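Engineer: Sequence first, predicted coordinates after that:
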Number of protein chains: 2
Amino acid sequence: MNVLEKIINSVNSFSKSERKVADVILANPQTTIHSSIAALAKMADVSEPTVNRFCRRLDTKGFPDFKLHLAQSLANGTPYVNRHVEEDDGPEAYTAKIFESTMAALDAARQNVDILTINRAVDVLTQAKKISFFGLGASASVAHDAQNKFFRFNVPVVCFDDIVMQRMSAINSAEGDVVVCISHTGRTKNLCDIAAIARENDATVIGITAYDSPLAKECTLVLSLDVPEDTDMYMPMASRVAQLVLIDILATGFTLRRGTKFRENLKKVKDSLRGSRFDKKDFQN
Amino acid sequence: MNVLEKIINSVNSFSKSERKVADVILANPQTTIHSSIAALAKMADVSEPTVNRFCRRLDTKGFPDFKLHLAQSLANGTPYVNRHVEEDDGPEAYTAKIFESTMAALDAARQNVDILTINRAVDVLTQAKKISFFGLGASASVAHDAQNKFFRFNVPVVCFDDIVMQRMSAINSAEGDVVVCISHTGRTKNLCDIAAIARENDATVIGITAYDSPLAKECTLVLSLDVPEDTDMYMPMASRVAQLVLIDILATGFTLRRGTKFRENLKKVKDSLRGSRFDKKDFQN
DNA sequence: AGATAAGTTGTAATTAAATTACAGAGACGC
DNA sequence: GCGTCTCTGTAATTTAATTACAACTTATCT
């Protein structure tokens, strides 16, 4: 984890003076990396050893080492920390914040995701007789997107956002079928039912959901994404982007597993769209 | 210019000893940033002042300052570049690559996006009598998602992924209505038609599409996202994530514009879902 | 409420690191 | 071959960072 995020995360565990240091650093990170420990201590109105202790608390070897880490954090422009949108943010501010929070969320997801489970999920998907994607509410569009991707692979794939259709589909599933249930919270009752029904009918159930949730318990395989969500907005945002990226990963794993010849097929699918589109040349001149 | 590049570029203008220093640094940059000037001098088999002079020659204030710059160069090097998935990538490799490419794409989008247009789009949306989201193929799920978001705002919103429905809806649009057309390439003929029809019927048409595309030409307002796409995969991936984030931004702008009271409403919508879900406490123990 | 222990912070001493000043060695022109 | 200019290293100096210790604050238990 990057030092800046670390500071923000552990701001509660700091003592009063350490917090002063944290505030000064967060307010002028650029200045900090070019300051001596004495200068920073003065700015924060604390003693030099306090600054040093602060650095050590963040698992760095000391002040110079801390500066190095800070410099690296700062190197990525403004680093991707989860910044919350505020009441009086202008368009510039909220646009930047949402982009950055989303990137921060993806970064977090990348670090938490379990590669082994991904690999097993790809295994299962490549061998599936039929793939079904189920989601409700915001997750329905993720399911939709997954369908669109896997449909290109010329495998039997369905997607329902209607619980009755989902239920019927789940009941009709059989061994070799794969059901992918998508839910951020994993607490949507209807979807848990669907997962249970599918399992009872010998389908393999992959859950894209929170670890240890009721839905997770019903699944054969759980792909969990620990994503920090800005709950102030009351809308699923980052979580759903992470889900989509996960779908991309599964789809990519799928195509790689199927080999070169298969990917030529993908090109054909893409080319088939040409008729429905204006030609690039027609308007570019 | 970053220090590492600078070293490589000016390797000719170095003296014999300075060159020794450069070689050692280029060979183990990671070690360098954690070494003292004494240690580095020993590694390069030169004296400490030589190392110091070397640092000064690269326009840094001294050795510690040089390390800071070097640390930043190293941090900038790897992260979030658009790395293409290769034939023989394992799950670990392609997972990392897709996450990183997506983040790189978002970073690019963030820099290219036009804040003014976003602000105007938010303006238009807040004043809309009715909002329609139209997309086809992969963009259909983005439209779907947008509908899900704006529906929470208790404004009349529709979303169709069926061209006939889209067409009928466009023909029935009137002044004060906003139609949002989503297409990565902006070359989907049907969608261009829809945009034209909507405009003819006095609706405001917002395009989430490529700049200067046929679709863009039919729109009142164009939100373009310049996103580098990995065309080897023949699937829209990063582009669609960027579109979603843009939707998040519009939705956020919308809620901010509507004020605090309105956001309490959002909470109500979210709370209304509680009945359909398992309680958190029920399974967490 | 008072006493004790745990944790926090600052002062002063110490140590480590980096820089400067200076002198010797090597290269080059005359 | 001599003088000059540049390069490089040694030693001294300065600066910065860390440690050790003492004073103080805060919480806890009787």
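Structural biologist: Sure, I can see it.
Engineer: Low-confidence stretches in the stretch 151-285 of chain A?
Structural biologist: When residues are selected by pLDDT under 70, those of the stretch 151-285 of chain A lie in A:228-235, A:260-266, A:269-270, A:273-285.
Engineer: which residues sit in contact with A:Ile33?
Structural biologist: Contact partners of A:Ile33, counting by Cβ atoms under 8 Å, 6 or more residues apart in numbering or on different chains, are A:Lys67, A:Leu70, A:Ala71, A:Leu74, B:Leu68. For every residue, glycine as well, the C-beta is placed using N, CA and C.
Engineer: So which elements touch the strand or helix carrying A:Val180?
Structural biologist: In this structure, A:Val180 is located in strand A:177-183 according to DSSP states H and E. On a contact count with 3 or more Cβ pairs under 8 Å, 6 or more residues apart in numbering or on different chains; DSSP states H and E, strand A:177-183 meets strand A:130-135, helix A:138-151, helix A:189-200, strand A:204-209, helix A:214-218.
Engineer: Now do that strand against strand A:130-135, angle only.
Structural biologist: Counting by axes from the mean of the first three to the mean of the last three Cα atoms, to 10 degrees, strand A:177-183 lies at 10 degrees to strand A:130-135.
Engineer: Can you give the distance from strand A:177-183 to the centre of its chain?
Structural biologist: 18 Å (Cα atoms, centre = their mean, to the nearest Å).
Engineer: In this model A:Ala140 seems to touch A:Ser183, though I could be wrong.
Structural biologist: No: counting by Cβ atoms under 8 Å, no contact exists between A:Ser183 and A:Ala140, whose distance comes to 10.2 Å.
Engineer: A:Ala195: how many residues sit nearby?
Structural biologist: For A:Ala195, the tally of surrounding residues (other Cβ atoms under 10 Å in any protein chain shown) stands at 29.
Engineer: And it, how close does it get to A:Leu215?
Structural biologist: Taking Cβ to Cβ, to the nearest Å as the criterion, A:Ala195 is separated from A:Leu215 by 6 Å.
Engineer: what's the overlap in contacts for these two?
Structural biologist: A:Cys181, A:Gly207.
Engineer: Show me which residues of chain A sit near DNA strand D.
Structural biologist: Residues of chain A that fall close to DNA strand D, judged by Cβ under 7 Å from any atom of the strand: A:Ser36, A:Ile37, A:Ala38, A:Glu48, A:Pro49, A:Asn52, A:Cys55, A:Lys61, A:Gly62, A:Phe63, A:Pro64, A:Asp65.
Engineer: Of those, which fall within the contact range of chain B?
Structural biologist: Here is what survives when the residues of chain A next to DNA strand D are matched to chain B using Cβ under 8 Å from any Cβ of the partner chain: A:Pro64, A:Asp65.
Engineer: Out of the helices and strands packed on strand A:177-183, which is closest to A:Phe99?
Structural biologist: Distances from A:Phe99 to each of the helices and strands packed on strand A:177-183 were compared using Cβ to Cβ; the shortest belongs to helix A:138-151, at 19.3 Å.
Engineer: Run the angle between the closest one and strand A:204-209 for me.
Structural biologist: Going by the same axes, to 10 degrees, helix A:138-151 makes 130 degrees with strand A:204-209.
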